[in-house]
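Participant: no FASTA, just this:
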């Protein structure tokens with residue numbers, strides 16, 4: 001495991017302490033599970049294991065942040081005001097990266113992008129972003145219908161895994177009769193072709 005993360009100028013021990021202070025024990029356990037899955041995927045698909053580790057450790061850094069903080073960050077950084085019509089599931093990635101930059105001074109654009117889109121995806125995801133998106137879905141603590149299939153697909157193809165996960169997400173949200181974030185639909189449209197191959 002990595003002892004030091006120069007991107008945030010912190011040792012692993014110090015970083016984990018900072019992260020743990022932001023969240024519940026259950027959320028922290030999830031983060032460690034995502035890191036484990038992200039490292040395995042990064043090794044398999046030739047992605048920077050170091051960046052995959054850091055992105056995974058930070059992906060839910062802002063998940064338990066109060067709504068008001070997100071709303072203030074949207075104003076402070078002149079982000080799309082439509083973001084205010086969504087909620088934590090969207091905010092902790094799309095807006096959470098600004099909290100991460102403020103708290104930890106992370107500047108690496110690839111890691112920030114991976115964290116930003118880890119819940120909604122993007123038609124133009126980097127390999128690192130795909131690794132984080134999939135790792136968050138298949139980590140060993142997850143237990144829901146389809147997760148075993150998702151893990152098997154992730155072992156075959158990263159693009160297929162993104163497509164499968166996005167398809168399942170769209171199905172799930174439609175079943176709940178809730179709004180679907182437009183970027184998730186764009187991700188579906190960009191990746192669904194991989195499930196037809």
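Facilitator: Now that the structure is in, tell me what you want to look at. Since the structure is predicted, the reported quantities are computational estimates derived from the model, not experimental observations.
Participant: So the most centrally placed residue in the chain: helix, strand or coil?
Facilitator: When the chain is reduced to its mean C-alpha position, the closest residue under CA atoms, centre = their mean turns out to be residue 118, at 2.6 Å. Assigned state for residue 118: coil (three-state reduction, DSSP: H, G, I helix; E, B strand; the rest coil).
Participant: Provide a list of residues in contact with it.
Facilitator: Counting by CB atoms under 8 Å, 6 or more residues apart in numbering, residue 118 touches 55, 59, 93, 129, 132-133, 136. From N, CA and C alone the C-beta is placed, and that goes for glycine too.
Participant: ok, these vs residue 107, which is closest?
Facilitator: If you rank the contacts of residue 118 by distance to residue 107 using CB to CB, residue 55 comes first, at 13.6 Å.
Participant: what's around that closest one, how many residues?
Facilitator: Burial measure for residue 55: 31 neighbouring residues, criterion other CB atoms under 10 Å.
Participant: same deal with residue 34?
Facilitator: Summarising burial for residue 34: neighbours were counted as other CB under 10 Å, giving 28.
Participant: So it versus residue 190, what's the distance?
Facilitator: Taking CB to CB, to the nearest Å as the criterion, residue 34 is separated from residue 190 by 23 Å.
Participant: Also residue 45?
Facilitator: Distance of residue 45 to residue 190, given as CB to CB: 18 Å.
Participant: same deal with residue 64?
Facilitator: Going from residue 64 to residue 190 by CB to CB gives 30 Å.
Participant: Between those two, which is the more surrounded one?
Facilitator: Counting neighbours by other CB under 10 Å for residue 64 and for residue 190 shows that residue 190 has the greater number, 18 against 12.
Participant: Within the helices and strands, which one has that one?
Facilitator: Element membership for residue 190 (DSSP states H and E) is helix 182-191.
Participant: and if you look at residue 52?
Facilitator: Element membership of residue 52, judged by DSSP H and E, is helix 49-58.
Participant: how about residue 150, what does it touch?
Facilitator: By CB under 8 Å, 6+ apart, the residues touching residue 150 are 134, 137-138, 161, 164-165, 168.
Participant: Then residue 11?
Facilitator: Applying CB under 8 Å, 6+ apart, we find residue 11 in contact with 3-5.
Participant: what do you get for residue 100?
Facilitator: Shown here is residue 100, whose contacts under the criterion CB under 8 Å, 6+ apart are 58, 61-62, 106, 112, 115.
Participant: how about the helices in the protein?
Facilitator: 12-20, 25-45, 49-58, 67-76, 88-94, 96-104, 109-116, 127-138, 147-154, 158-175, 182-191 (DSSP state H).
Participant: can you redo these as JSON lines with mean pLDDT?
Facilitator: As requested, the helices of the chain are arranged in JSON lines below (pLDDT from 0 to 100):
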{"stretch": "helix 12-20", "mean pLDDT": "97"}
{"stretch": "helix 25-45", "mean pLDDT": "98"}
{"stretch": "helix 49-58", "mean pLDDT": "98"}
{"stretch": "helix 67-76", "mean pLDDT": "98"}
{"stretch": "helix 88-94", "mean pLDDT": "97"}
{"stretch": "helix 96-104", "mean pLDDT": "98"}
{"stretch": "helix 109-116", "mean pLDDT": "98"}
{"stretch": "helix 127-138", "mean pLDDT": "98"}
{"stretch": "helix 147-154", "mean pLDDT": "97"}
{"stretch": "helix 158-175", "mean pLDDT": "97"}
{"stretch": "helix 182-191", "mean pLDDT": "98"}
